[in-house]
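S.K.: With the sequence up front, the predicted model follows.
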Amino acid sequence: MRHLLFHLFMHYFLLSTLSCTSATTSITTNSLRPFLRNKGTLNLPTQFEAIYQFGDSLNDNGNFIRQLPGGPKSAVARLPYGETLKRPTGRASDGLIMVDYIAMNFQLPPLIPYLANGSNFTHGVNFAVFGATATGGIGANSLASQLDWFKSHLKATYSSPAGTYSIFDQLVGFLGVVTLSIKEKLQKSLVMMGEIGGNDFNGPFYQGKTIPELTPLIPIVVQTIKDAVEEVISLGANNIVVPGNFPIGCVPLYLVNFATNDTSKYDELQCLKDYNDFSKLYNQQLIQAIQQLQQEHPNVAIVYADYYSALIWVITNSPQLGIEPGCAKKACCGTGSNPYNYDGHKFCGSPGVSVCPDPTKRISWDGVHMTQQGNKCVANLLVKQFAPKLQKNHVHIPRRKPIKIN
């Protein structure tokens with residue numbers, strides 16, 4: 001049955017037509033204000049004017065629910081998703097997600113999803129989409145399509161108006177190349193290149209592919225991400241964070257679907273060792289690619305964000321974080337006759353699936369994504385890790401030859 005699990009998962013989230021009321025609710029800074037009082041953030045000095053986020057459902061805050069035909073009818077467009085925010089927002093959580101806390105740490109308002117047409121994108125744009133892959137292996141929401149959105153946004157928003165720059169800059173803007181105004185904006189911005197790539201492996205795993213079969217895919221995914229980083233650098237970005245993958249062997253979805261009676265397959269945290277080792281291998285190759293990029297672009301800060309260690313730390317220290325005993329890997333919204341409260345055939349939002357009384361006492365929201373509490377803990381650890389490695393905005397970036405925006 002494993003080869004059917006991924007199809008069932010995507011079918012439910014993408015094409016669900018249950019008779020519940022769907023909602024593609026717009027979230028504004030004002031409507032989120034009561035939930036943005038976070039004493040745990042670093043409150044760093046404002047270093048960036050904007051954040052540009054690429055990725056998948058871990059950081060999608062409303063793009064997928066605006067995509068027809070399935071988005072508005074999907075589970076994330078309905079309660080209980082968003083219950084802590086009092087309404088669904090397109091976030092795959094009960095409340096806020098990592099990108100919200102990352103923005104908060106830099107004293108910026110929540111990012112606006114790209115597909116929220118007519119919005120004010122002064123402080124950045126979120127291009128992440130539920131189900132997105134790096135390589136385009138499943139679905140249409142690949143990293144390449146998000147880069148196309150990014151370039152379209154830049155061209156539409158930051159092309160130099162007549163009289164502002166030289167005749168040369170006005171000409172290259174007309175021809176569709178990178179103008180000084182685009183470069184200036186990106187040099188004052190942070191680019192979050194993911195997390196992206198996890199779904200390139202999730203889908204094949206649940207179609208029955210084995211770890212040895214998927215290992216050759218790792219360098220292909222890494223190269224795709226590396227190419228994307230090269231592209232945003234060519235557009236003018238000089239502060240880029242590239243996250244790795246989570247320890248997937250600690251995720252309820254994996255723990256249930258790949259459960260085994262062989263105790264040697266589990267580590268001290270009772271996570272699946274082989275799948276965590278796969279994540280480690282992927283992360284090692286991604287780090288090597290980042291190091292190579294850094295050597296090629298010494299004037300650009302290209303920083304690895306260690307999702308793996310952050311989630312391991314949160315799970316290990318869950319009692320001190322207020323997580324209910326024995327629930328560090330137990331989904332809040334779910335069902336199932338197993339320790340993880342997860343059933344691959346009855347997802348969060350399905351009829352009869354319950355929600356725990358207090359999501360702040362769980363790390364996992366639906367067996368795949370984190371609760372607001374989990375997102376907050378992981379995001380704050382990540383920012384503490386990568387923020388000191390980013391450059392200040394006064395760093396001089398030599399003028400590059402104009403690059404064509406396709």
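M.R.: Received it, and whenever you're ready, just let me know what you need. Numbers count the residues shown, from 1 in each chain.
S.K.: Any idea how far apart the tips of stretch 55-73 sit?
M.R.: Distance between the two ends of stretch 55-73: 21 Å, counting by C-alpha to C-alpha, to the nearest Å.
S.K.: again, but for stretch 257-266
M.R.: Counting by C-alpha to C-alpha, you get 14 Å between the two ends of stretch 257-266.
S.K.: Equivalent analysis for stretch 315-326, please.
M.R.: One end of stretch 315-326 to the other measures 10 Å (C-alpha to C-alpha).
S.K.: Relative to the whole chain's centre, how far out is that stretch?
M.R.: Centre-to-centre, stretch 315-326 and its host chain are 24 Å apart (C-alpha atoms, centre = their mean, to the nearest Å).
S.K.: Buried ones in that stretch, by neighbour count?
M.R.: By 16 or more other C-beta atoms under 10 Å, the buried positions in stretch 315-326 come out as 315, 318, 321, 323-324. C-beta: built from backbone N, CA, C; applies to glycine.
S.K.: Make JSON lines from these and add pLDDT and distance to Thr335 to it.
M.R.: Formatted as JSON lines, the buried residues of stretch 315-326 follow (pLDDT from 0 to 100; distance: C-beta to C-beta, whole Å):
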{"residue": "Ile315", "pLDDT": "98", "distance to Thr335": "22"}
{"residue": "Ser318", "pLDDT": "97", "distance to Thr335": "22"}
{"residue": "Leu321", "pLDDT": "96", "distance to Thr335": "25"}
{"residue": "Ile323", "pLDDT": "98", "distance to Thr335": "20"}
{"residue": "Glu324", "pLDDT": "97", "distance to Thr335": "17"}
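S.K.: Out of those, which is nearest to Asn380?
M.R.: Nearest to Asn380 among these is Leu321, at 11.0 Å by C-beta to C-beta.
S.K.: Next up, the contacts around the residue nearest to that closest one when sequence neighbours are not counted.
M.R.: Sequence neighbours aside, Cys377 is the residue nearest to Leu321 in space, at 6.0 Å (criterion: C-beta to C-beta, 6 or more residues apart in numbering). Counting by C-beta atoms under 8 Å, 6 or more residues apart in numbering, Cys377 makes contact with 310, 314, 321, 363.
S.K.: repeat for Phe130
M.R.: So Phe130 contacts 13, 56-57, 60, 63-64, 71, 74, 76, 90, 92, 141 (C-beta under 8 Å, 6+ apart).
S.K.: picking up where we left off before, which SS state does the residue nearest to Leu321 fall under?
M.R.: Recorded secondary structure, Cys377: helix (DSSP: H, G, I helix; E, B strand; the rest coil).
S.K.: if we can go back for a sec, can you pick the most crowded of the contacts of Cys377?
M.R.: Ile363 (27 neighbours; other C-beta atoms under 10 Å).
S.K.: so it sits right up against Ile315, yeah?
M.R.: Yes. In this structure, Ile363 is within contact of Ile315 by C-beta atoms under 8 Å, at 6.7 Å.
S.K.: on that earlier part again, of all the contacts of Cys377, which comes closest to His153?
M.R.: Taking C-beta to C-beta as the measure, Ala310 is the one of the contacts of Cys377 closest to His153, at 29.1 Å.
S.K.: After the helix or strand that the closest one is a member of, which helix or strand is next?
M.R.: According to DSSP states H and E, Ala310 maps onto helix 307-316. Tracing the chain past helix 307-316, the next element assigned as helix or strand by DSSP H and E is strand 333-334.
S.K.: and after that next one, which helix or strand comes next?
M.R.: Downstream of strand 333-334, the next assigned helix or strand under DSSP H and E is strand 354-355.
S.K.: Starting from that next one, tell me which strands it pairs with and how they run.
M.R.: In the sheet, strand 354-355 lines up against strand 333-334 (antiparallel) (DSSP bridges).
S.K.: Identify all contacting residues around the partner strand.
M.R.: Residues contacting strand 333-334 (C-beta under 8 Å, 6+ apart): 80, 94, 252, 340-343, 346-349, 353-356, 365-367.
S.K.: how near is Val353 to Pro212?
M.R.: 35 Å (C-beta to C-beta, to the nearest Å).
S.K.: higher neighbour count, these two?
M.R.: Val353 (19 against 8).
S.K.: List the buried residues for stretch 284-293?
M.R.: Buried residues in stretch 284-293, counted by 16+ other C-beta under 10 Å: 285-286, 289-290, 293.
S.K.: oh sorry, the question was meant for stretch 218-228
M.R.: By neighbour count on 16+ other C-beta under 10 Å, the buried set for stretch 218-228 is 218, 221-222, 224-226, 228.
S.K.: Max pairwise distance over the residues you listed: which two?
M.R.: Ile218 and Ala228 (16.0 Å).
S.K.: Any idea which helix or strand in the protein has the lowest mean pLDDT?
M.R.: Using mean pLDDT, DSSP states H and E, helix 2-15 stands out as the lowest-scoring helix or strand of the chain, at a mean of 39.
S.K.: OK, contacts around Pro243?
M.R.: Contact analysis of Pro243 by C-beta under 8 Å, 6+ apart lists 192-195, 304-307, 382.
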